[in-house]
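S.K.: Okay, structure incoming, though there's no sequence with it:
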């Protein structure tokens, strides 16, 4: 082993921790961009662009690996209290973002199946819910960056809007399928795409709860509304 | 603060780590039992039992909280190498199990909507995939208990069976819906229930990958088959 100056440069814990947060935020913004691109691709019925989104998901997975690696390195320095919560939050937030990326890729993938059938009017409803979800994600990333518990709580409460819009779209799609049997397969894909987006909202909520954990530790979270009633829609 | 003997009893790190593993395994078995019960409830069309399964999910969430708490306590002791990986694996595995519990509760919840319509023949297909998923989960928990990388790899490869069965059921349900518009709503619930179970398989795979991480650290995992082709089924 060499003994030149470079061997002795150890970055400060704070610098490494800052880097971890920035990586996680960058990963979050990549997922938001992927979801936005997926919604756009559904609207434009662009199969080529859909393939690119699916391929891009690998970059998100790689970034999660990198974050795990950095968490391991930081954990070895024996962080305590808030520092420890920072790395536990980062690992959980990265895992939520990774799932959001999967959902974006899934929306893009299913769009190519949608494009084999005539355009469905409900695509605009999907777009509306998707736009809400992208906004939730961007807002919660900002709250995470700023350790802003109040903002995180407001974002968490807003998830009910996505749930309500999802349940309405679910009902609308069922009605449409009953009226036209040829629409069943594309509508089924759209149902799953809508569900994917509703799940993005749930993961944004998880991130909001990690902001709480980061700042407040193990103090109990206040209760929350949950309005997805689609799973009890009667035949 | 008292100074009697009990204050001085500090459990050994190994004991605490063993306790963490056992808690995680117990949580995993609870999730397997919940999923099994959910499949049974779908078959028997038992709304009361379905409600109990949904209510039981809180116990799993509480156990995940407890595991997070124990991970925090262990992390404060500054574990390294394998010990550090043990706690990182525990936190990830507990999060996968928590999701599996959610899927089991979701299957139970949707079963009450199914029971408002005449029985569907495809319920037996759902039961078959569900049984595979329960087996995958129990097997991967055993591999996790034993740090058995080879068993974990075999379980990971077996996930393709669930994906193939899910894609077949997906196609069958679409055909059925096209033949009978009255079956659309219950079939849609069944589609989502099947998707939930397919996701259980994915989470069992995640657990298998954590067994790899536990034993091999950051060494690259070998590639894996993925056979869920339902998201590109053509109209």
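M.R.: In hand now; what should we look at? All values derive from a computational prediction rather than experimental measurement.

S.K.: The nearest residue to residue A:13 once chain neighbours are set aside sits in which helix or strand?
M.R.: Nearest non-adjacent residue to residue A:13, counting by CB to CB, 6 or more residues apart in numbering or on different chains: residue A:77, 5.9 Å away. Every residue, glycine included, has its C-beta placed from N, CA and C. Assigned by DSSP states H and E, residue A:77 falls within no helix or strand.

S.K.: for residue A:25, same thing?
M.R.: According to DSSP H and E, residue A:25 maps onto helix A:13-44.

S.K.: Who are the packing partners of that helix?
M.R.: helix A:47-75, helix A:81-114, helix A:123-145, helix A:184-216 (3 or more CB pairs under 8 Å, 6 or more residues apart in numbering or on different chains; DSSP states H and E).

S.K.: Which one, of those, ends up nearest to chain B?
M.R.: Relative to chain B, the nearest member of those by CB to the nearest CB is helix A:184-216, separated by 3.8 Å.

S.K.: just for chain A, where's the confidence low?
M.R.: Judged by pLDDT under 70, chain A has its weakly predicted residues at A:1-10, A:225-227, A:235.

S.K.: Can you name the residues of it that neighbour chain B?
M.R.: Contact residues (CB under 8 Å from any CB of the partner chain) of chain A with chain B: A:68-69, A:71-72, A:75-76, A:78-80, A:84, A:88, A:91-92, A:95, A:106, A:109-110, A:112-113, A:116-117, A:174, A:177-178, A:181-182, A:184-186, A:188-189, A:191-192, A:195, A:218, A:231-235.

S.K.: Nearest to residue B:102 among the helices and strands packed on helix A:13-44 would be which one?
M.R.: helix A:184-216 (9.5 Å; CB to CB).

S.K.: returning to what we had before: let me know whether the residue nearest to residue A:13 touches residue A:12 as I believe.
M.R.: No. If you go by CB atoms under 8 Å, residue A:77 and residue A:12 don't touch, sitting 10.4 Å apart.

S.K.: So which of those two has more stuff around it?
M.R.: Taking neighbours as other CB atoms under 10 Å in any protein chain shown, residue A:77 and residue A:12 compare with residue A:77 leading, 13 against 8.

S.K.: tell me the phi and psi of the more buried one?
M.R.: phi -90, psi 0 (degrees, to the nearest 10).

S.K.: To what extent is residue A:88 buried, counted in neighbours?
M.R.: Residue A:88 is flanked by 23 other residues according to other CB under 10 Å.

S.K.: contacting residues around the residue most central in space within chain A?
M.R.: Nearest to the centroid of the C-alpha atoms of chain A, with distances taken as CA atoms, centre = their mean, sits residue A:100, at 3.1 Å. Listed by CB atoms under 8 Å, 6 or more residues apart in numbering or on different chains, the contact set of residue A:100 reads A:31, A:35, A:137, A:200, A:203, A:204.

S.K.: Neighbour-wise, give me the winner out of the residues you listed.
M.R.: Counting neighbours by other CB under 10 Å, the top entry in the contacts of residue A:100 is residue A:204, with 32 neighbours.

S.K.: For the closest residue to it other than its chain neighbours, grab the count of nearby residues.
M.R.: In space, and not counting its chain neighbours, residue A:204 is closest to residue A:136: 4.2 Å by CB to CB, 6+ apart. Counted with other CB under 10 Å, the neighbours of residue A:136 add up to 25.

S.K.: distance of residue A:49 from residue B:66?
M.R.: From residue A:49 across to residue B:66, the span is 45 Å (CB to CB, to the nearest Å).
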